[in-house]
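**Student:** got a sequence here, can you model it:
(2 chains)
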Amino acid sequence: DTGVSQDPRHKITKRGQNVTFRCDPISEHNRLYWYRQTLGQGPEFLTYFQNEAQLEKSRLLSDRFSAERPKGSFSTLEIQRTEQGDSAMYLCASSPPYVVGETQYFGPGTRLLVL
Amino acid sequence: GENVEQHPSTLSVQEGDSAVIKCTYSDSASNYFPWYKQELGKRPQLIIDIRSNVGEKKDQRIAVTLNKTAKHFSLHITETQPEDSAVYFCAARNFGNEKLTFGTGTRLTIIP
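**Tutor:** Numbering: from 1, shown residues only, chains lettered A, B, ... in the order given. I've put the predicted structure just below:
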């Protein structure tokens, strides 16, 4: 499968613990996005990378959330001191350079449950 | 910021009939409007998109129309089939902005 991949697919954690998710974009895609989706809602934008630079962050991304893309390839999203309200599906998406197209291709998501 | 409203939230259609889902957006600077289909437990998948310089786009049984003046766009599925059952999301993106703003989704059920 050459699509966007995410790991883990499911994560159960206790309130107050830290969790880290990984996203591997489609090869050659220089743009990478993180979204959060709660039950019955559409995905909500969290942050955006172009290569290794984090260019856009939503107000939803509190100081407990941090995202990185150190080499411009895979990305990680860390949530510190998790709260029950963090329970959601975390989706990663990637896009090719603009000269190729602008479609965002989504990964399967990481479903987080905070107990 | 951008706000996208989507209607209806649920839609049941007899197999073979047509389905229409409508979205409105608030920011007149939005210029890209994709539609995603999400089956239960799976990733959102792009089914069709339209840019603001085009009024209509069609791909086999799926079409999207855009009215820039009224700031609304619609998804049309003709000759519906059971495999069309899923949740459909519309989205909008502003020129010069990378984020997609999604609607709240429409659960489409095709009745055999």
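**Student:** does stretch A:77-86 come close to chain B?
**Tutor:** No - Stretch A:77-86 is not in contact with chain B by C-beta under 8 Å from any C-beta of the partner chain; minimum separation 15.5 Å. C-betas here are computed from N, CA, C, even on glycine.
**Student:** show me which positions of that stretch end up buried.
**Tutor:** A:77, A:79, A:82, A:86 (16 or more other C-beta atoms under 10 Å in any protein chain shown).
**Student:** list the contacts of the residue nearest to the last one when sequence neighbours are not counted.
**Tutor:** Closest residue to residue A:86 apart from its sequence neighbours, by C-beta to C-beta, 6 or more residues apart in numbering or on different chains: residue A:114 at 5.3 Å. Residue A:114 makes contacts with A:13-15, A:82-87, as judged by C-beta atoms under 8 Å, 6 or more residues apart in numbering or on different chains.
**Student:** closest one of the buried residues of stretch A:77-86 to chain B?
**Tutor:** Each of the buried residues of stretch A:77-86 was checked against chain B using C-beta to the nearest C-beta; the closest is residue A:77, at 15.5 Å.
**Student:** next one: phi and psi at that closest one?
**Tutor:** Here is the backbone geometry of residue A:77 (degrees, to the nearest 10): phi -120, psi 120.
**Student:** beta-bridge partners for it, please?
**Tutor:** Per DSSP bridges, the residues bridged to residue A:77 are residue A:21, residue A:67.
**Student:** residues from chain B in reach of chain A?
**Tutor:** Counting by C-beta under 8 Å from any C-beta, the residues of chain B that sit close to chain A are B:4, B:6, B:32, B:34, B:36, B:42-46, B:49, B:89, B:91, B:93, B:97-105.
**Student:** let's see that with 7 Å instead.
**Tutor:** Contact residues (C-beta under 7 Å from any C-beta of the partner chain) of chain B with chain A: B:32, B:34, B:42-44, B:46, B:49, B:89, B:98-100, B:102-105.
**Student:** closest to chain A out of those residues?
**Tutor:** So of the residues of chain B next to chain A, ranked by how close each gets to chain A (C-beta to the nearest C-beta), first place is residue B:102, at 3.0 Å.
**Student:** as TSV, the buried residues of stretch A:77-86 with secondary structure would be great.
**Tutor:** Converted to TSV, those look like this (DSSP: H, G, I helix; E, B strand; the rest coil):
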residue	secondary structure
A:77	strand
A:79	strand
A:82	coil
A:86	helix
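**Student:** could those residues go into a markdown table alongside pLDDT?
**Tutor:** Listed next are these as a markdown table, based on pLDDT from 0 to 100:
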| residue | pLDDT |
| --- | --- |
| A:77 | 98 |
| A:79 | 97 |
| A:82 | 97 |
| A:86 | 96 |
